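S.K.: dropping the sequence and predicted coords here.
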Amino acid sequence: MVRHISDKIGVMYLGKLVEVGNSDDVYFEPKHPYTRALLEVVPGIEPENILDLDKDIIDGNIPSPLNIPSGCRFHTRCPYATERCKNEAPELKEYENGHKVACFCCEM
């Protein structure tokens, strides 16, 4: 629904923007692992797009917002996390055409 009523979309995790861009770019070409996971659980009306409740979307528990992890806030649940992610917070950087992502695995 958001894609249809917005020109731009921002995705936040634990109070920090992890991806922002044109709504079609974020919806059809998500870059951040959290954005991709969110979009995987969007139910559809076609039988092949109905939500599969047995699917593992994101492992782990959401960290407490009162005790935010060091480094990337998503590293405790990210399947691509590296040692760098644990120690350093990625900045929101332009990926292409105003599509910005805060993720080391998305860097060029």
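M.R.: Noted; the coordinates are in hand.
S.K.: what distance separates the start and the end of stretch 90-99?
M.R.: The first and final residues of stretch 90-99 sit 15 Å from each other (C-alpha to C-alpha, to the nearest Å).
S.K.: nope, stretch 69-76 is what I was after
M.R.: First-to-last residue span, stretch 69-76, C-alpha to C-alpha: 8 Å.
S.K.: in that stretch, which residues are buried?
M.R.: Across stretch 69-76, burial judged by 16 or more other C-beta atoms under 10 Å covers P69, G71, C72, R73, F74, H75, T76. All C-beta atoms are positioned from the backbone trio N, CA, C, and that covers glycine.
S.K.: for the first one, which residues are in contact?
M.R.: Pointing back at P69 there. Applying C-beta atoms under 8 Å, 6 or more residues apart in numbering to P69 gives the contacts P63, H75, T76, K86.
S.K.: for it, give its distance to E40.
M.R.: Relative to E40, P69 is positioned 23 Å away (C-beta to C-beta, to the nearest Å).
S.K.: average pLDDT across stretch 32-52?
M.R.: The average pLDDT within stretch 32-52 is 73.
S.K.: quick one: the helices in the chain, in order.
M.R.: Per DSSP state H, the chain carries helices over the ranges 2-5, 23-28, 33-40, 83-87.
S.K.: can you lay out these as CSV showing mean neighbour count?
M.R.: Putting the helices of the chain into CSV (neighbours: other C-beta atoms under 10 Å) gives the following:
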stretch, mean neighbour count
helix 2-5, 10
helix 23-28, 16
helix 33-40, 18
helix 83-87, 14
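S.K.: which one of those lies nearest to C106?
M.R.: Nearest to C106 among the helices of the chain is helix 33-40; the distance by C-beta to C-beta comes to 8.8 Å.
S.K.: packing partners of that closest one?
M.R.: strand 8-13, strand 16-22 (3 or more C-beta pairs under 8 Å, 6 or more residues apart in numbering; DSSP states H and E).
S.K.: so what are the sheet partners of the shortest one and their directions?
M.R.: The strands that strand 8-13 pairs with in its sheet are strand 16-22 (antiparallel) (by DSSP bridges).
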